[in-house]
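In: Okay, structure incoming, though there's no sequence with it:
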């Protein structure tokens, strides 16, 4: 009887160790989709006029696909922008999560980023992604962009930047 009990305990410990090893082999991942977005302010035809100054992309300008690890994954999604090739610091780029995505998301949640968050050149957390079930994937988490600070006082140029996303454990 003692042998059987000890054998079952060893099997349970081995199962738990295998589960932990398996869990550590499955990390979080993210893919980013969408299209380039360009703003073309209307021409100024009257002296003393300025641009509207604020422009917004469609609600689903950027689409993220998030995959969480096995059991109890707590991750955060962050972003920053990089000049590409030229950016003026008077321009402000902000981002907003417009939905919670699609797909089978049992015992998982997305929280945060219900208001625009201004991006800069260092990572800032956009929202949290928590999973409590086996390997969870959420598709089409939609993001919207807003650029402000467009003005006639900016030097004439084509300004561009790229948004870089990161997913990492909390």
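Out: Looks like it arrived, so ask away. It should be emphasised that the depicted structure is a prediction, and the values quoted were computed from it without experimental measurement.

In: Pretty sure residue 168 sits against residue 76.
Out: Yes. If you go by C-beta atoms under 8 Å, residue 168 and residue 76 touch, sitting 6.4 Å apart. C-betas here are computed from N, CA, C, even on glycine.

In: Which one's more surrounded, these two?
Out: Higher neighbour count among residue 168 and residue 76: residue 76, with 19 against 13, using other C-beta atoms under 10 Å.

In: Strands of this protein, residue ranges please.
Out: Counting by DSSP state E, one finds strands in the chain at the ranges 29-34, 54-56, 62-67, 73-83, 92-97, 108-111, 117-118, 124-131, 137-148, 161-169.

In: Looking at those, which is nearest to residue 41?
Out: strand 54-56 (7.4 Å; C-beta to C-beta).

In: now for the closest one, which elements pack on it?
Out: strand 137-148 (3 or more C-beta pairs under 8 Å, 6 or more residues apart in numbering; DSSP states H and E).

In: and the strand it packs on with strand 29-34, angle?
Out: 50 degrees (axes from the mean of the first three to the mean of the last three C-alpha atoms, to 10 degrees).

In: Output the contacting helices and strands for strand 137-148.
Out: Short answer (3+ C-beta pairs under 8 Å, 6+ apart): strand 137-148 packs on strand 54-56, strand 62-67, strand 92-97, strand 108-111.

In: Residues in contact with that strand: which ones?
Out: Strand 137-148 is contacted by residues 34, 37, 39, 53-68, 91-105, 108, 110, 116, 126, 129, 163 when judged by C-beta atoms under 8 Å, 6 or more residues apart in numbering.
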